[in-house]
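Asks: I'd like to go over a predicted model; first the sequence, then the structure.
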Amino acid sequence: MNYSDLSALLFPHITKTPQDYFKQYPPRALPEGAKVTRFAPSPTGFLHIGGLFAALISERMAHQSGGVFMLRIEDTDKKREVQDGVSGIIEGLYAFGIIPDEGFVAQDKQVGAYGTYLQSERAEIYQAFAKDLVNKGLAYPCFCSEQEIASIRQQQELNKELPGYYGEYAHCRNLSFEEIEQNIKQGKPYVLRLKSPGSADKRISFKDGIRGTIEMPENIVDVVLLKTDGIPTYHFAHAVDDTLMRTTHVIRGDEWISSVPIHLQLFACMGLKPPKYAHIAPIMKEENGGKRKISKRKDPEASVTYYSEQGYPKQGVIEYLLNLANSNFEDFRRQNPKASWQDFKLQMNKMSVSGCLFDLVKLHDICKNVIASWTAEQVCDAAMEWAKTYDPELYALMHKDPAYATTLFSFDRNPDKPRKDIGKWSEVRDTFSYMFTPLFKPVYELPEQISRDDMKRIAERYAQMFVPGQDKNLWFDTVKDLAQEMGFAREVKQYKKDPDAYKGHVGDISSVIRVAVTGRMKSPDLHGILNALGKDEVVRRIHQFTEEI
RNA sequence: GGCUCUAUCGUCUAAUGGUUAGGACACCGCCCUCUCAAGGCGGCAAUAGGGGUUCAAAUCCCCUUAGAGUCACCA
């Protein structure tokens, strides 16, 4: 068979060759050791937490090495595509600060000299490479119908043989030029298959950046390169795109490991050097005592939008992910409390090989620490930004008086022992609702050891005594004075020494004031709260308290 | 089922043939304290099972078991 006749028959309109494209997309001028990586999702819905994880690793590997990080969209499966899928991914990435250098930077905006980064716009490129393979006798058209493929499969299952289109099962491998020509003239649909040079008894091995050396049987299946519509399969697109985009490191989910023999063979057939691979274990979820891959359908926390909605600070989410990737991130953070997470040197070979369970509790803890390390202004800004979209009522209240809102976050926020009570912005409303008069709808929790009469007397007396703006120690002295006046001990220790001599102690006085003003038995620094609320509001709340209990 | 990978506290993991098997989260106790949060101190808690190799095994080898991934004109 004359293969150039065949390639002309199959691709009459393709004039460019792979060489033309190599010229168009020359090697990148990057320093030695710079890694070129990409995140290449298909736009089938919102960004998955596993996708963010993979993107983060790729971004780190590129930027740590002075390389380039690309966002390529793999939209070769039009059936599964979802509207706005691209913007969902970009927004998800941007929301967590993962910014590509090349590829898509907005729904309809691409940057970079190695594009287009949208696979559906690259059809001609793939076909040029396909034509070249046909020319070399390494690819052929296959006219088998779905039913024929299915029956081959059935037969193979019956014989307990490797399923797939290969060897003697690959009928269309042996079609003559005339047969092919006739089929084409009749308009019979076909796919283009690789004429796999592999043999069943040979094995290949490759070095995975995360897993080390992996050995596998060589690929022998004549995999589909171009689908009926002329659009490539993932495998072929990967080989062509990552070659032309000069990707050095392909970092992807470990569901791809078993396809590596196909990929390596494709590169070999095209005479190309394959990139280095690193396969990331999936993020898992616990279910009925077992582990399973976290699922878009079943698990709300699978979508990165969940973390935005809940208001986990993006730094916290990223740091949690980095912690999953390299557990020594924790040590780094402890030693460098102020450093940016980007200063951490992520190491691929330290990544876990088996999938880990996603732990929302640990995430929450990390977020608490992250928030605790910020200034009140930073916390307030971030909380407000969240509230803007997810809690408009709270936003309006904070926005009305930003200085007041900032004050709330400064309670107990001293640098040595910062308060750690908020892990995500959705907790702000409940934590501080009593600080906003419109949200203050008290259901008083009362201290049991104090009589109602005493509570009223304490509260009313305090309303008279309260002087805003006092120094904290001075203020507490007045509370102690009140304790004494009411027959309570000035000090807890004093009370414990001789409980029968007092009605209670200064802590009980604080409790009454606290409950009157916040409706709760627990709160941050009472002194701060009273001063923030101001005399009028404190007095008003105390009156409300004495009337309602 | 074939192929591939994996197995250390409940969870995330450290320990590259010699450690009282370390840390973090969670949980429990104590201390500090006007409540809470935090903090300090302590506790609970693991090498899946069985065989080898070795003076010595969580670590190397084999088997078993369990889990994960994959076997599409999906990525």
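Replies: Perfect, I can see it now.
Asks: When you work out contacts or count neighbours from here on, use the C-alpha atoms and nothing else.
Replies: Noted.
Asks: Mind giving me the packing neighbours of the worst-scoring helix or strand of chain A on mean pLDDT?
Replies: Among the helical and strand segments of chain A, the one scoring lowest on mean pLDDT, DSSP states H and E is strand A:290-293, with a mean of 80. Of the remaining helices and strands, those touching strand A:290-293 by 3 or more Cα pairs under 8 Å, 6 or more residues apart in numbering; DSSP states H and E are strand A:283-287.
Asks: And the strand it packs on, what's buried?
Replies: Going by neighbour count (16 or more other Cα atoms under 10 Å), the buried part of strand A:283-287 is A:283, A:284, A:285.
Asks: so the first one touches residue A:294, yeah?
Replies: Looking back up the chat, that one is residue A:283. Yes. In this structure, residue A:283 sits in contact with residue A:294. The criterion is Cα atoms under 8 Å, and the distance is 6.1 Å.
Asks: from the chain's centre, how far out does whichever helix or strand comes after the least confident helix or strand of chain A sit?
Replies: The C-terminal neighbour of strand A:290-293 among helices and strands, as given by DSSP states H and E, is helix A:304-310. Between the mean C-alpha point of helix A:304-310 and the mean C-alpha point of its chain there is a distance of 9 Å (Cα atoms, centre = their mean, to the nearest Å).
Asks: Next: stretch A:278-289.
Replies: Stretch A:278-289 has its average C-alpha position 14 Å from the chain's average C-alpha position, going by Cα atoms, centre = their mean.
Asks: Quick one: mean pLDDT over stretch A:340-357.
Replies: Per-residue pLDDT over stretch A:340-357 has a mean of 93.
Asks: is RNA strand B contacted by it?
Replies: Yes. Residues of stretch A:340-357 contacting RNA strand B under Cα under 7 Å from any atom of the strand: A:350, A:351, A:352, A:353, A:354, A:355, A:356, A:357.
Asks: Can you give me the end-to-end span of that stretch?
Replies: Across its full length, stretch A:340-357 reaches 26 Å end to end, with Cα to Cα, to the nearest Å as the criterion.
Asks: If we go by neighbour counts, what in it is buried?
Replies: A:341, A:344, A:346, A:348, A:351, A:352, A:353, A:355, A:356, A:357.
Asks: Need the three-state assignment for the residue of the stretch 251-400 of chain A found nearest RNA strand B.
Replies: Nearest to RNA strand B, among the residues of the stretch 251-400 of chain A, is residue A:255, at 3.1 Å (Cα to the nearest atom of the strand). Using DSSP: H, G, I helix; E, B strand; the rest coil, the secondary structure recorded for residue A:255 is helix.
Asks: Measure how buried it is and give me the count.
Replies: 11 (other Cα atoms under 10 Å).
Asks: Residue A:89 now?
Replies: By other Cα under 10 Å, neighbour count at residue A:89 equals 27.
Asks: Secondary structure element holding it?
Replies: Once you assign secondary structure using DSSP H and E, residue A:89 falls within helix A:85-95.
Asks: Ok, residue A:152 next?
Replies: Counting by DSSP H and E, the element that carries residue A:152 is helix A:146-158.
Asks: so where do the strands sit in the stretch 301-450 of chain A?
Replies: All strands of the stretch 301-450 of chain A, identified by DSSP state E, counting those that start in this stretch, fall at A:356-357.
Asks: Domain ranges for chain A, per the record?
Replies: Split into domains by automatic domain parsing, chain A comes to A:4-11+A:123-280, A:284-372, A:376-439, A:452-548.
Asks: and residue A:42, which of those is closest to it?
Replies: Shortest separation from residue A:42 across the domains of chain A is recorded for domain A:4-11+A:123-280, at 10.2 Å, computed as Cα to Cα.
Asks: ok so, going back, for the helix holding residue A:152, what is the average pLDDT?
Replies: Predicted confidence along helix A:146-158 averages 92 (mean pLDDT).
Asks: Go through the following helix or strand past that helix and flag the buried ones.
Replies: Remark: after helix A:146-158, the chain's next helix or strand is helix A:177-185, criterion DSSP H and E. Applying a neighbour-count criterion of 16+ other Cα under 10 Å, one finds A:180, A:184 buried in helix A:177-185.
Asks: Show me what helix A:177-185 is in contact with.
Replies: Counting contacts by Cα atoms under 8 Å, 6 or more residues apart in numbering, the residues outside helix A:177-185 that touch it are A:1, A:2, A:6, A:9, A:141, A:143.
Asks: Filter the residues you listed down to just the buried residues.
Replies: Judged by neighbour count, with 16+ other Cα under 10 Å as the criterion, the buried members of those are A:6, A:141, A:143.
Asks: does the least confident helix or strand of chain A come close to RNA strand B?
Replies: Yes. Strand A:290-293 is in contact with RNA strand B by Cα under 7 Å from any atom of the strand, via A:290, A:291, A:292, A:293.
Asks: Now list the buried members of these.
Replies: Neighbour-count burial (16+ other Cα under 10 Å) applied to the residues of strand A:290-293 next to RNA strand B gives A:292, A:293.
Asks: and which of the residues of strand A:290-293 next to RNA strand B is nearest to residue A:48?
Replies: If you rank the residues of strand A:290-293 next to RNA strand B by distance to residue A:48 using Cα to Cα, residue A:293 comes first, at 11.6 Å.
Asks: Confirm for me that the closest one is in contact with residue A:281.
Replies: No. Residue A:293 is not in contact with residue A:281 according to Cα under 8 Å; the separation is 9.7 Å.
Asks: Please identify the helix or strand for residue A:479.
Replies: Taking DSSP H and E as the criterion, the element that holds residue A:479 is helix A:472-485.
Asks: for the record, mean pLDDT for that helix?
Replies: Over the span of helix A:472-485, the pLDDT mean works out to 93.
Asks: which secondary structure elements does that helix contact?
Replies: Taking 3+ Cα pairs under 8 Å, 6+ apart as the contact definition, the neighbouring helices and strands of helix A:472-485 are helix A:452-465, helix A:506-518.
Asks: Tell me which helix or strand comes right after it.
Replies: The element immediately downstream of helix A:472-485 (helix or strand, assigned by DSSP H and E) is helix A:492-497.
Asks: Enumerate the positions of that following helix that are buried.
Replies: With the criterion 16+ other Cα under 10 Å, helix A:492-497 contains buried residues residue A:495.
Asks: do that helix and RNA strand B meet?
Replies: Yes. Against RNA strand B, helix A:492-497 shows contacts by Cα under 7 Å from any atom of the strand at residue A:492.
Asks: Identify all contacting residues around stretch A:142-155.
Replies: A:163-165, A:169, A:172-173, A:183, A:188-193.
Asks: touching RNA strand B at all, stretch A:318-334?
Replies: Yes. Interface with RNA strand B: stretch A:318-334 contributes A:323, A:324, A:325, A:326, A:327, A:328, A:330 (Cα under 7 Å from any atom of the strand).
Asks: let me fix that: stretch A:129-146
Replies: Yes. Stretch A:129-146 is in contact with RNA strand B by Cα under 7 Å from any atom of the strand, via A:143, A:144, A:145, A:146.
Asks: need the helices and strands packed on helix A:472-485 in CSV with distance to residue A:241 and mean pLDDT, can you?
Replies: Conversion of the helices and strands packed on helix A:472-485 to CSV gives the following (distance: least, Cα to Cα, whole Å; pLDDT from 0 to 100):
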stretch, distance to residue A:241, mean pLDDT
helix A:452-465, 73, 93
helix A:506-518, 61, 95
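Asks: Out of those helices, the one nearest RNA strand B is which?
Replies: When the helices and strands packed on helix A:472-485 are ranked by distance to RNA strand B, counting by Cα to the nearest atom of the strand, first place goes to helix A:506-518 at 3.3 Å.
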